[in-house]
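Asker: Okay, here's the prediction I keep looking at, along with the sequence it came from:
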Amino acid sequence: MTTVTLRPSANGVLIELTPSPGTLQNYQCVDEETPNDDTDYVLLAGSSVEAQTKYDYYDIPTTGIPAGSTINSVTVYTRGRKVQLGTIIARICGCVHTYNVAYEGTFKSLTTSWANYSDTWTTNPNTGLPWTLDEVNAMQIGVGLYTAKNENVEADCTQVYVVVDYTPPVVVGRVVGDGLSWVVMFLKPFQFQGLLRRLASIVPTRCRRYFLGLLERLQAWFSPHLFFLGNKDGKVESSFSNHFFTSILLLEESS
C-alpha cells in the first residue's frame, strides 16, 4: 500500500464555521500534522431556534502522485468533540468537493473528548467510477458539523486531512549492453518472487550464466537498499531488506 497525506493549505469554496481563535483563517485551525486540540479549531455553536448543519471546505496541495498511478481510495480524517450542558447531540463528518459538487460522508456522534473519525470513498462520488489522478489533484476536502436545536451545545473540529491510497505504475526501461538486452520493471514487493521464479524458468540454459551475472551486478548496485539475490540449487532466490522498490530482469540474446 502506497499513500500520500495532504493537509489544508487555504480556505476553499465554502466557509461556514467559526474559527477559534478568531485571528486565524479557518484552514489554519485544522491543518496541524499533530493535533493541538484546544489550541485552535473551527466550531459550530448550537441554536435555540433550529438544528444546524454547516460546512468548511479547504484547498489541498497537489498530490505529487506519479502519472499513470491507480487511485484505490480517498479517506478524509477529522478530529472533533462537543461541548455541552446536558446530553445534547452533536455530530461530525468528512467531506470531499469534486466537479463543483460537495459530498459528505456519514455523520458520527461526537463525545466530550477529542476523537478521530474518518470517511472513505473508493470511487468518485460524482462519477461512480474509480478516482482519476486529475480528479484527486483538483478536489477539496472538508468537514461538516451538526448541532441539535439547543443553544447549550457546540461542535468543534481541530484537524482535517486526507490520505490518498494509490498503486504506482509499472516503470519500464530498456538498456542494451554486454551483448544482451534487458528490461527492468519496478513492481510491488509481493509480486517479485513469483515473477522472478517464472522469469528464471524461461531464460534459456545457455543464457543462465549471463542472467545470474547481471543479477549479481544489480545486487552490487542496489544492495542493501533494495534486495539480495542468490542462486540456490540452480534456482534464483530472492529476499528483501526494503519494501520500497523491487526489480525484475528479463533477458534475451541480442541479435
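Answerer: All right, it came through fine.
Asker: Correct me if wrong: residue 82 contacts residue 157.
Answerer: No - if you go by C-beta atoms under 8 Å, residue 82 and residue 157 don't touch, sitting 10.5 Å apart. For the C-beta atoms, the positions are set from N, CA and C on the backbone; glycine is no exception.
Asker: Mind jotting down where the helices sit in the protein?
Answerer: Using DSSP state H, the helices of the chain run over 133-138, 189-202, 208-222.
Asker: Just name whatever secondary elements the first one is in contact with.
Answerer: To tie it back to what came earlier, the one meant is helix 133-138. Helix 133-138 is packed against strand 70-84, with contacts defined by 3 or more C-beta pairs under 8 Å, 6 or more residues apart in numbering; DSSP states H and E.
Asker: and the helices of the chain, which one is worst for confidence?
Answerer: Mean pLDDT is lowest for helix 189-202 among those, at a mean of 52.
Asker: Break the protein down into its domains, please.
Answerer: Using automatic domain parsing, the domains assigned to the chain come out as 2-167, 171-253.
Asker: Mind telling me which of these the model trusts least?
Answerer: Of all the domains of the chain, domain 171-253 has the smallest average pLDDT, which comes to a mean of 47.
Asker: In contact with the residue nearest to residue 109 when sequence neighbours are not counted, which residues?
Answerer: Distance criterion C-beta to C-beta, 6 or more residues apart in numbering; nearest residue to residue 109, sequence neighbours excluded, is residue 91 at 5.5 Å. Under the criterion of C-beta atoms under 8 Å, 6 or more residues apart in numbering, the neighbours of residue 91 are 107, 108, 109, 110, 145, 146, 155.
Asker: Assess the claim that the first one and residue 92 are in contact.
Answerer: The reference is to residue 107. Yes - using C-beta under 8 Å, residue 107 makes contact with residue 92 at a distance of 6.8 Å.
Asker: These two - which one has more neighbours?
Answerer: Neighbours per residue (other C-beta atoms under 10 Å) separate residue 107 from residue 92, with residue 92 holding more: 26 against 18.
Asker: does that one really touch residue 147, like I thought?
Answerer: No - look at residue 92 against residue 147 with C-beta under 8 Å: they stay out of range, at 10.5 Å.
Asker: what do those two both touch?
Answerer: Listed as contacting both residue 92 and residue 147 by C-beta under 8 Å, 6+ apart are residue 155.
Asker: who touches residue 92 in this structure?
Answerer: Residue 92 makes contact with 78, 80, 107, 108, 110, 117, 143, 144, 145, 146, 155, 157 under the criterion C-beta under 8 Å, 6+ apart.
Asker: run the last query once more with 7 Å
Answerer: Residue 92 makes contacts with 78, 80, 107, 108, 110, 117, 143, 144, 145, 155, 157, as judged by C-beta atoms under 7 Å, 6 or more residues apart in numbering.
Asker: give me the number of residues near the residue lying closest to it once chain neighbours are set aside?
Answerer: Excluding the flanking residues, the one nearest residue 92 by C-beta to C-beta, 6+ apart is residue 80, at 4.2 Å. Each residue near residue 80 was counted by other C-beta under 10 Å, and the total is 27.
Asker: doesn't residue 159 make contact with residue 80?
Answerer: No - with contact defined as C-beta atoms under 7 Å, residue 80 does not reach residue 159; the gap is 8.4 Å.
Asker: Quick check: beta-bridge partners of the residue nearest to residue 92?
Answerer: Counting by DSSP bridges, residue 80 forms beta bridges with residue 115, residue 157.
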